[in-house]
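In: this one's structure only:
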């Protein structure tokens, strides 16, 4: 029997303004962040990540006229503290490591320089 792998979903959300919603399964809910400019594609460009209310697990597959699933899969905690969440997203086509960093004003999403092999 394999251990449970917590799920993630990345929603492409078009209203009220285009943005992405990053949702990570944790403690029976989806912890959620709105990422206005999308996930960073390189370590030199951090993104604002606005923590929003947790969502129920049924949002893993939820889509409607204004929201579609951009990627989904499972995520792996790589070493987190109260002020940062280091994780790898194992999506449909690749695995990418990020860190969410809590600042005095909110959260930043950073793509790490050190990436999983084969990414």
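Out: Nice, I can see it. Just so we're clear, the structure is a prediction, and the values are computed from it rather than from any experiment. Numbering: from 1, shown residues only.
In: Nearest spatial neighbour of the spatially most central residue of the chain, chain-adjacent residues omitted?
Out: In the chain, the centroid-proximal residue (C-alpha atoms, centre = their mean) is residue 22; its distance is 3.6 Å. Counting by C-beta to C-beta, 6 or more residues apart in numbering, the nearest residue to residue 22 once its immediate chain neighbours are dropped is residue 33, at 4.9 Å. C-beta coordinates here come from the backbone N, C-alpha and C atoms, glycine included.
In: That neighbour: what's it in contact with?
Out: 21, 22, 23, 49, 50, 51, 52, 100, 107, 109 (C-beta atoms under 8 Å, 6 or more residues apart in numbering).
In: Please, which helix or strand holds residue 86?
Out: In this structure, residue 86 sits in strand 84-90 according to DSSP states H and E.
In: ditto for residue 68
Out: Counting by DSSP H and E, residue 68 is part of strand 67-77.
In: helices or strands next to that strand in the packing?
Out: Under the contact criterion of 3 or more C-beta pairs under 8 Å, 6 or more residues apart in numbering; DSSP states H and E, strand 67-77 touches strand 7-13, strand 19-26, strand 84-90.
In: Which one of the ones you listed lies nearest to residue 64?
Out: strand 7-13 (9.8 Å; C-beta to C-beta).
In: Listing request: residues of the chain with sub-threshold pLDDT.
Out: The chain contains residues with pLDDT under 70 at 1-2, 118-119.
In: ok, 80 please
Out: Residues of the chain meeting the criterion pLDDT under 80: 1-3, 117-119.
In: Quick check: residue 26 touching residue 4?
Out: No. The pair residue 26 and residue 4 does not pass the contact test of C-beta atoms under 8 Å, sitting 11.7 Å apart.
In: Which of the two has more residues huddled nearby?
Out: Each of residue 26 and residue 4 has its neighbours counted (other C-beta atoms under 10 Å); residue 26 has more, 16 against 8.
In: gap between the spatially closest residue to the more buried one that is not a sequence neighbour and residue 54?
Out: Once flanking residues are discounted, residue 26 sits nearest to residue 6: 6.4 Å by C-beta to C-beta, 6+ apart. Distance of residue 6 to residue 54, computed by C-beta to C-beta, to the nearest Å: 13 Å.
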